[in-house]
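Novice: Kindly generate the corresponding structure for this input.
(2 chains)
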There are 2 protein chains.
Amino acid sequence: MKGVKGMKGERSSLTPSSPSPLIGVNTWVWVSPLTDDALDELAPKVAAWGFDLIELPVENPGDWDGTHAAAVLAEQGLRAGVCAVMGPGRDLTSDDPATTRATRDYLRGCVEVAATVGAAVVGGPIYAPTGRVGLLAAADRRTAIERVADGLAPVLAEAKAAGVTLALEPLNRYETSLFNTVAQALELVELVGDPALGLLLDTFHLNVEERDLPAAIRAAGPHLTHFHACANDRGVPGTDHLDWPGIRDALVAIDYRGAVSIESFTAENRTIATAASIWRPLAPSQDAIATDGLRFLRGLFASA
Amino acid sequence: MKGVKGMKGERSSLTPSSPSPLIGVNTWVWVSPLTDDALDELAPKVAAWGFDLIELPVENPGDWDGTHAAAVLAEQGLRAGVCAVMGPGRDLTSDDPATTRATRDYLRGCVEVAATVGAAVVGGPIYAPTGRVGLLAAADRRTAIERVADGLAPVLAEAKAAGVTLALEPLNRYETSLFNTVAQALELVELVGDPALGLLLDTFHLNVEERDLPAAIRAAGPHLTHFHACANDRGVPGTDHLDWPGIRDALVAIDYRGAVSIESFTAENRTIATAASIWRPLAPSQDAIATDGLRFLRGLFASA
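Specialist: I've put the predicted structure just below:
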């Protein structure tokens, strides 16, 4: 453990005695899919820069090994977050039992690896394949939401037993038509009524869908369990037109205790660039997204 | 002509003596595709609310008749804008001569109908089919831009002769990967170097792609020939988190002389909802997008 990590135990809330949340960064800033070798390279860099947490996407179960990751992160003094990735065939809105079963198995795998690496949260659009959109009649939307609730139920039971929260992420209108807004996501959260299901909000998506970002964060309130920070164009948070002091104040107001993690993507990897629609570099370098973003977020919360 | 239209001649610039630009609204707020009958119904409403201009999309040439539209608009005292709609097969980045020819013919048709209805501008993503995205290597991007320049050249000559400007619209990353930012669009504008080619900027797209919206407007400067206003979620301008005073001040600073037109879409029409990714109503009613938006924009420019 490095000296810079000494305070980490006290950084778990935004109370005055400990003003900074855990600040994290997603490995998608550099690589896709994540591998053991890539994590070996990234974890020491991320820890040396002063991050508290590293976010590990599970594109295909087995791309990286949980036990290995746990050892690497322990050595670097990093906490972990786990991201669920909803590719084609991962769909809890389906009426096909085999699809529901496969999706549950995938999410169970995410929960297991989260427990292995000590991650408190598995976050992502854990309802339908990213990019699948279409106009839904109100009744069809309700059916879809009920199927997601039913689909999640056994996974939530296992998550709770493992001490992991599933954080459902609303996405912008081009990536899903089921949950674009916090209000829509809260319909499901309230239907499920299980504290093992929370929300992951991401400034990039909020910027498109919410007319008032701080109000959306306050509406999520105690259900907010994970938070993604990036600029409105998915570049360095703080270099953009978002109202960062307002976002911070809303997080403080709801007594947010989760992590604030920088999620961006590299335009240098065709797969992830295409999946995330990143067509140009969003910063002078991918490292700058992490280091400049970290510096900005630390300063933002220090001045709360 | 109605009394409310009396001032219209003086609303063509943002100078102190005439603080309001022409304010318009797109018929996509209500219908798709536009027809003669729909225009007969919409034009009197739009004029009675106090709009100066109505924007007419050309989805398929012949959907509506230019001569008929010219008569309806004259009767209502409305100016016109024309929107080019880039569906599949309309593509100036193609190396297929038949595709280039067909796209030119389509754009020529837009210029002709613009001249017929007295529209100063044909605006839209006049380069490639909307929704076609993909990572472009720098060299391929340059080739695409050169093809667009070559493809536009004869159309621009005809536009100039007809007194019409083509206004190229950058779109957000989910709708195109060729021109997302003002800086990227200016590459083409500078390569072409013809005042018959200008820019159309839209607050919805700017919000996703530009870190500083007023700076992007100032960068467009004299090339800005048309402007689309809507909330960050494509609802009523002014009900959202955009910096509208900053946007207005930038338009004033560049001495913008074009129209400010409300572009939104109805979620009640499956075709246009799907094309524009509108999955929920964005206002209490479609009429409210027009009337509340008009009131807000008039107030915004009156307080410049």
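Novice: now the residue positioned nearest the centre of chain A, which residues is it bridged with?
Specialist: By C-alpha atoms, centre = their mean, chain A has its centre lying nearest to A:Gly123, at 4.5 Å. Legend: beta-bridge partners of A:Gly123 under DSSP bridges are A:Cys83, A:Ala167.
Novice: what's the distance between it and B:Leu206?
Specialist: Per C-beta to C-beta, to the nearest Å, A:Gly123 is found 29 Å from B:Leu206. Just so you know, the C-beta spots here come from the backbone N, C-alpha and C atoms, and that holds for glycine as well.
Novice: Kindly report the same for A:Arg108.
Specialist: A:Arg108 is 42 Å from B:Leu206, by C-beta to C-beta.
Novice: More neighbours: which of those two?
Specialist: B:Leu206 (26 against 16; other C-beta atoms under 10 Å in any protein chain shown).
Novice: Setting aside sequence neighbours, what's the nearest residue to that one?
Specialist: Once flanking residues are discounted, B:Leu206 sits nearest to B:Leu213: 5.0 Å by C-beta to C-beta, 6 or more residues apart in numbering or on different chains.
Novice: Hmm, B:Asp243 and the one you found touching each other?
Specialist: Yes: between B:Leu213 and B:Asp243 a contact is recorded at 6.5 Å, counting by C-beta atoms under 8 Å.
Novice: Which neighbours do the two have in common?
Specialist: By the contact definition C-beta atoms under 8 Å, 6 or more residues apart in numbering or on different chains, B:Leu213 and B:Asp243 are jointly contacted by A:His241.
Novice: Which one of the two is surrounded by more residues?
Specialist: Set B:Leu213 next to B:Asp243 and count neighbours by other C-beta under 10 Å: B:Leu213 wins out with 22 against 15.
Novice: show me the contacts for that one.
Specialist: If you count contacts by C-beta under 8 Å, 6+ apart, then B:Leu213 has A:241, B:203, B:206-207, B:242-243, B:246-247, B:250 around it.
Novice: Kindly recompute the last result at 10 Å.
Specialist: Residues in contact with B:Leu213, defined by C-beta atoms under 10 Å, 6 or more residues apart in numbering or on different chains, are A:232, A:241, B:182, B:201, B:203, B:206-207, B:242-244, B:246-247, B:250.
Novice: residue ranges with poor pLDDT in the stretch 51-200 of chain A?
Specialist: The model of the stretch 51-200 of chain A has no residue with pLDDT under 70.
Novice: Would you mind naming what in it lies close to chain B?
Specialist: Contact residues (C-beta under 10 Å from any C-beta of the partner chain) of the stretch 51-200 of chain A with chain B: A:131, A:133-136, A:141, A:172-178, A:180-181, A:183-184.
Novice: part of a helix, is A:His68?
Specialist: Yes: the assignment for A:His68 is a helix, going by DSSP: H, G, I helix; E, B strand; the rest coil.
Novice: How many neighbouring residues does the closest residue to it other than its chain neighbours have?
Specialist: With sequence-adjacent residues excluded and distances taken as C-beta to C-beta, 6+ apart, A:His68 is closest to A:Asp36, at 5.2 Å. A:Asp36 has 13 neighbouring residues, counting by other C-beta under 10 Å.
Novice: residues contacting A:Asp36?
Specialist: Residues near A:Asp36 by C-beta under 10 Å, 6+ apart: A:63-65, A:68-69, A:72.
Novice: Pick the one among those closest to chain B.
Specialist: Nearest to chain B among the contacts of A:Asp36 is A:Asp63, at 21.6 Å by C-beta to the nearest C-beta.
Novice: Excluding chain neighbours, what is closest to that closest one?
Specialist: Closest residue to A:Asp63 apart from its sequence neighbours, by C-beta to C-beta, 6+ apart: A:Pro33 at 4.5 Å.
Novice: give the contact list for the one you found.
Specialist: A:Pro33 makes contact with A:27, A:57-60, A:62-64, A:85, A:269, A:271-272, according to C-beta under 10 Å, 6+ apart.
Novice: Of these, which pair is most distant in space?
Specialist: Greatest spatial distance in these: A:Gly62 and A:Asn269, 19.4 Å, computed using C-beta to C-beta.
Novice: that older thread, show the buried residues in the residues of the stretch 51-200 of chain A next to chain B.
Specialist: Neighbour-count burial (16 or more other C-beta atoms under 10 Å in any protein chain shown) applied to those gives A:131, A:133, A:135-136, A:141, A:172-178, A:180-181, A:184.
Novice: show me where the stretch 51-200 of chain A has helices.
Specialist: Listed in chain order, the helices of the stretch 51-200 of chain A (DSSP state H, counting those that start in this stretch) span A:66-76, A:97-117, A:138-162, A:182-192.
Novice: which parts of the longest one are buried?
Specialist: What that stands for is helix A:138-162. A:141, A:144-145, A:147-149, A:151-152, A:155-156, A:158-160, A:162.
Novice: before we move on, what about the last one?
Specialist: For helix A:182-192, the neighbour count (16+ other C-beta under 10 Å) marks A:182, A:184-186, A:188-189, A:192 as buried.
Novice: Specify the angle between that helix and helix A:138-162 in degrees.
Specialist: In terms of direction (axes from the mean of the first three to the mean of the last three C-alpha atoms, to 10 degrees), helix A:182-192 departs from helix A:138-162 by 60 degrees.
Novice: other SSEs contacting helix A:182-192?
Specialist: Packing partners of helix A:182-192 (3 or more C-beta pairs under 10 Å, 6 or more residues apart in numbering or on different chains; DSSP states H and E): helix A:138-162, strand A:165-168, strand A:197-202, helix A:203-209, helix A:213-220.
Novice: just the buried members of the contacts of A:Asp36?
Specialist: For these, buried by 16+ other C-beta under 10 Å: A:63-64, A:69, A:72.
Novice: CA atoms only: put stretch A:244-257 into CSV for me.
Specialist: The C-alpha coordinates for stretch A:244-257 follow below in CSV (Å, rounded to 0.1, in the frame of the first residue of the first chain):
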residue,chain,number,x,y,z
TRP,A,244,-20.1,20.3,-11.9
PRO,A,245,-20.6,22.3,-8.7
GLY,A,246,-24.4,21.7,-9.1
ILE,A,247,-23.8,17.9,-9.6
ARG,A,248,-21.5,17.8,-6.6
ASP,A,249,-23.9,19.7,-4.4
ALA,A,250,-26.7,17.3,-5.4
LEU,A,251,-24.4,14.3,-4.5
VAL,A,252,-23.6,15.9,-1.1
ALA,A,253,-27.3,16.7,-0.6
ILE,A,254,-28.4,13.1,-1.0
ASP,A,255,-25.5,12.0,1.3
TYR,A,256,-24.1,9.9,-1.6
ARG,A,257,-21.7,7.2,-0.3
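Novice: touching chain B at all, that stretch?
Specialist: Yes: legend: contact between stretch A:244-257 and chain B by C-beta under 10 Å from any C-beta is shown at A:Gly246.
Novice: picking that back up, between the buried residues of helix A:182-192, which is closest to A:Asp292?
Specialist: Minimum distance to A:Asp292 across the buried residues of helix A:182-192 is 27.6 Å, recorded for A:Val182 (C-beta to C-beta).
Novice: Now the closest one: closest residue in space, sequence neighbours ignored.
Specialist: Counting by C-beta to C-beta, 6+ apart, the residue nearest A:Val182 is A:Ala216, at 4.5 Å.
Novice: pLDDT score for the one you found?
Specialist: At A:Ala216, the model reports a pLDDT of 98.
Novice: ok, it - contacts?
Specialist: A:170, A:181-183, A:185, A:201, A:206, A:209-210, A:224, A:247, A:250, B:241 are the contacts of A:Ala216 under C-beta under 10 Å, 6+ apart.
Novice: want to throw those residues into TSV with distance to A:Asp96?
Specialist: As requested, the contacts of A:Ala216 are arranged in TSV below (distance: C-beta to C-beta, whole Å):
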residue	distance to A:Asp96
A:Pro170	24
A:Thr181	28
A:Val182	29
A:Ala183	29
A:Ala185	24
A:Leu201	30
A:Leu206	32
A:Glu209	29
A:Glu210	33
A:Leu224	32
A:Ile247	39
A:Ala250	39
B:His241	40
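Novice: of these, closest to A:Leu22?
Specialist: Using C-beta to C-beta, those come closest to A:Leu22 at A:Leu224, 13.9 Å.
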